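>>> With the sequence up front, the predicted model follows.
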2 protein chains.
Amino acid sequence: MDMKPALRSPTITDVAQAAGVSPMTVSRVLNGRGGAGEETRRRVLEAAQALSYRPNTFAKSLKNDRSNTVGIVVPDIVNPFFPEIIRGAELVARPAGYTLLSCNVVEDPEREEEVLGMLLDKRVDGLIICSARLDEERLLRAIAPHRAVVLINRAAAKRHAGTIEVDYRAGVEAVVTQLIAQGRKRFGFAAGPASSQGGRKRREGIEAALARHGLSLVFDLPCTPDLQGGAEIAAKLLPEVAQVDAMICYNDLIALGLMKPLEQAGIKVPQDMALVGCDDIPASDLVSPALTTLRIAKQDLGEMAMRMLLDRIAGRNAQQGIVIEPDPIWRATTPQVLG
Amino acid sequence: MDMKPALRSPTITDVAQAAGVSPMTVSRVLNGRGGAGEETRRRVLEAAQALSYRPNTFAKSLKNDRSNTVGIVVPDIVNPFFPEIIRGAELVARPAGYTLLSCNVVEDPEREEEVLGMLLDKRVDGLIICSARLDEERLLRAIAPHRAVVLINRAAAKRHAGTIEVDYRAGVEAVVTQLIAQGRKRFGFAAGPASSQGGRKRREGIEAALARHGLSLVFDLPCTPDLQGGAEIAAKLLPEVAQVDAMICYNDLIALGLMKPLEQAGIKVPQDMALVGCDDIPASDLVSPALTTLRIAKQDLGEMAMRMLLDRIAGRNAQQGIVIEPDPIWRATTPQVLG
DNA sequence: GGAGGTTACGTTATCGTTATCTCAATTCGA
DNA sequence: TCGAATTGAGATAACGATAACGTAACCTCC
């Protein structure tokens, strides 16, 4: 009758038959539940081995309503900031028996909503959202049906999610204060996506430092958080470039995107303009002049987020919110700090 | 009895009850199978909407033995070469109704094997493997149980997988020939992972060009395909740096990792040493001097691979193997090509 | 007006696993 | 040596969705 039994992957019943026991016994042995004799156990393991048996995850998940999968949502996987976070998260998830489903939303809120729905369909046991771009209301609605959620750089709904935030405000404030001490007075801000909470934090940091010296921002525009965004900011900045002697950028990509146009316009960095990025991606230390930036322990951040998520999945909501401090890395796009 | 029915997500039966029909009818309506009256259809859709019903993918997959998920395996997600491929693949997969499960194996063959097993557990409908590092035998064994496979930069088992290869041999040969025409004679090769087939192709290209002029490689060492690998090559190259006047690197990261140590040792690029990378990652155009490299249409590559995979899943094995040509991008780490 | 078709639904069985219950066989204490 | 406790293993029934089949009700045409 059945002409090609080889095409069907073996089921627990096949293993049971091969071992001369019932499927239930196979299940017990393979899941280490005990209650199986030594000899039986051996036969079952042998049979499973011989058939290359792999339990059907669908059946298992259907039965116990757990997927052993967690999701991580990032704005853009091509931005070097995020792969390191993903790697950190995966490093923690896998040993714990979870598969990581990473999704990038290409900086598009609609897509973000769609992806969160997809993860719901996949019935992930929990998820991490990096730099959510959705507005408060939509974000809440989208995460509500999920079993466990950790938000990175988006303090919202602490009642419904764990949060990990980088204290951009403090980091940026420290850098700007230092630049003011070095005589810079006319600050500009390449603000990144308007929907980013982290962007607002950075601006607060700048403004706090400036306010203490009676200064205020003379240039402040949003842009996409990539090289292209930096180039666009450059185009808008150049006409009034004499007004600005220090640019703070939402991230390193924007700062790097600014550098070539500035150089071509004859603007000397850092003499004519100091330049500060954020994230400390590898490229920032390779360009000349090397980029001053705020370093974030990206892989640690990913590991931390995943640990928090696993805790929440297990029902331990110990840590509700963590704040981590970025480290200023002084390089050549700012005047040398004297020892 | 059941105190918190709200915690259970609604099933097709719940929708059926709410709409006053049988579960089968709900299934028919929701899957657009026809065979449902207009009025009934409306009631079902309303009920589903009201309950925020989402079909259980496990049950569905268990029933039809399809997961609507495809995998993509990359050596290292932190290497900027791969996220673009992933993005391209996702761009094609999602509109076709597939979820992309991306896995990085951190340049570790054991991990690669493990990941391929995991994807088998998840019962992906197919998968793409980028630059497989497994040896032929293990690779064959690992992909055999999979339903559809596409290999990128690993021509193996064309009978069991579709392949897409970058013609590194031709690309590298063209670049080296040009450098020889410019007077370079003493070539070195930072060869990347010994297990990479692409690495062997690059070496063939170099040697073919050299052989035509009676030359041969004077330096040839493997390394990890990242900045660190470049730094390690630099340490080994510096003692005999006078022997070499052109370095061809497995990828841009290695080349970029070489640049700072060379500069610190007083080696002028390109005067004392020409430097060529491969991949054309964004950073290569940002450093000074900007890096000459072989550009690969990364996103296109990902899209192409995914289209091929979807074809294979659908049983159309039209394209068995595709070869794409890389584009030499001449920048400042090689002597200027005269118009 | 009845044979044959079509339409709109419901019933049943099944995918592979496992929780729960059941029962038989073995061990043990007195 | 007998009853009780323990252990090994099977039978059954779900989990949620749907293919296959069944069955009314209605339509059509000679």
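All right, it came through fine.
>>> correct me, but residue A:228 touches residue A:258?
No: contact criterion CB atoms under 8 Å: residue A:228 and residue A:258 do not qualify, at 11.2 Å. C-beta: built from backbone N, CA, C; applies to glycine.
>>> Is stretch A:130-149 in proximity to DNA strand D?
No: judged by CB under 7 Å from any atom of the strand, stretch A:130-149 stays clear of DNA strand D, getting no closer than 14.1 Å.
>>> Flag every buried residue along that stretch.
Residues A:130-134, A:138-139, A:142-143, A:146-149 are the ones in stretch A:130-149 that count as buried (16 or more other CB atoms under 10 Å in any protein chain shown).
>>> quick revisit: which one of residue A:228 and residue A:258 is surrounded by more residues?
Higher neighbour count among residue A:228 and residue A:258: residue A:258, with 30 against 13, using other CB atoms under 10 Å in any protein chain shown.
>>> Spatially nearest residue to the more buried one (excluding sequence neighbours)?
residue A:230 (4.4 Å; CB to CB, 6 or more residues apart in numbering or on different chains).
>>> Before we go further, that neighbour is sitting in a strand, right?
No: secondary structure of residue A:230 (DSSP: H, G, I helix; E, B strand; the rest coil): helix, not part of a strand.
>>> What is the burial count for it?
29.
>>> so it touches residue A:249, yeah?
Yes: assessed by CB under 8 Å, residue A:230 is found in contact with residue A:249 at 7.1 Å.
>>> what's the overlap in contacts for these two?
Shared contacts of residue A:230 and residue A:249, defined by CB atoms under 8 Å, 6 or more residues apart in numbering or on different chains, are found at A:190, A:255, A:258.
>>> so how far is DNA strand C from the residue nearest to residue A:258?
51 Å (CB to the nearest atom of the strand, to the nearest Å).
>>> for chain A, what are the low-confidence residue spans?
A:1-7, A:157, A:337-339 (pLDDT under 70).
>>> check contacts around the residue nearest the centre of it.
Against the mean C-alpha coordinate of chain A, by CA atoms, centre = their mean, the closest residue is residue A:130 at 4.2 Å. The contact partners of residue A:130, by CB under 8 Å, 6+ apart, come to A:72-75, A:82, A:85, A:152-153.
>>> Turn these into CSV, columns for secondary structure and distance to residue A:36.
Formatted as CSV, the contacts of residue A:130 follow (DSSP: H, G, I helix; E, B strand; the rest coil; distance: CB to CB, whole Å):
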residue, secondary structure, distance to residue A:36
A:72, strand, 38
A:73, strand, 42
A:74, strand, 44
A:75, coil, 49
A:82, helix, 45
A:85, helix, 42
A:152, strand, 44
A:153, coil, 49
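>>> Helices of the stretch 51-200 of chain A, start to end?
Ranges of helices in the stretch 51-200 of chain A, per DSSP state H, counting those that start in this stretch, are A:57-64, A:81-93, A:109-121, A:136-143, A:168-181, A:197-211.
>>> The residue nearest to residue A:65 when sequence neighbours are not counted - how many residues pack around it?
In space, and not counting its chain neighbours, residue A:65 is closest to residue A:123: 7.7 Å by CB to CB, 6+ apart. Burial of residue A:123 is recorded as 19 neighbouring residues (other CB under 10 Å).
>>> before we move on, what about the one 4 residues further on?
Look at residue A:127: counted by other CB under 10 Å, it has 27 neighbours.
>>> wait, it sits on residue A:151?
No: with contact defined as CB under 8 Å, residue A:127 does not count as touching residue A:151 (9.7 Å).
>>> Could you tell me which residues touch both of these two?
Counting by CB under 8 Å, 6+ apart, nothing touches both residue A:127 and residue A:151.
>>> Check the stretch 151-300 of chain A for the residue nearest DNA strand C and tell me.
In the stretch 151-300 of chain A, the residue that lies nearest DNA strand C is residue A:162 (27.7 Å; CB to the nearest atom of the strand).
>>> List the residues that contact that residue.
By CB under 8 Å, 6+ apart, the neighbours of residue A:162 are A:149-151, A:308-309, A:311-312, A:317, A:319-322.
>>> Could you check how far it is from DNA strand D?
27 Å.
>>> Beta-bridge partners for residue A:74, please?
Using DSSP bridges, the bridge partners assigned to residue A:74 are residue A:104.
>>> Residue A:307 is in what secondary structure piece?
helix A:298-313 (DSSP states H and E).
>>> Neighbours of residue A:311, how many?
Neighbour tally, residue A:311, other CB under 10 Å: 17.
>>> you'd agree it is up against residue A:305?
No: under the criterion of CB under 8 Å, residue A:311 is not in contact with residue A:305, lying 10.7 Å apart.
>>> residues contacting the nearest residue to residue A:257 once chain neighbours are set aside?
In space, and not counting its chain neighbours, residue A:257 is closest to residue A:230: 2.0 Å by CB to CB, 6+ apart. If you count contacts by CB under 8 Å, 6+ apart, residue A:230 has them with A:190, A:223, A:249, A:253-259.
>>> next one: residue A:16
So residue A:16 contacts A:22-23, A:25-26, A:47 (CB under 8 Å, 6+ apart).
>>> ok but residue A:28 is inside a helix, no?
Yes: assessed with three-state DSSP, residue A:28 lies in a helix.
>>> If we ignore the residues flanking it in sequence, what's nearest it?
In space, not counting the residues next to it along the chain, residue A:28 is nearest to residue A:36; the distance is 5.2 Å by CB to CB, 6+ apart.
>>> surely that neighbour meets residue A:45?
No: at 10.1 Å, residue A:36 does not count as touching residue A:45 under the criterion of CB under 8 Å.
>>> Just give the number of residues close to residue A:197.
Neighbours around residue A:197, by other CB under 10 Å: 19.
>>> Ignoring the adjacent residues along the chain, who's closest to it?
Here the residue nearest residue A:197, using CB to CB, 6+ apart, is residue A:154, at 5.2 Å.
>>> Spell out which residues sit in contact with that neighbour, please.
With CB under 8 Å, 6+ apart, residue A:154 has these contacts: A:129, A:131-132, A:139, A:163, A:165, A:197.
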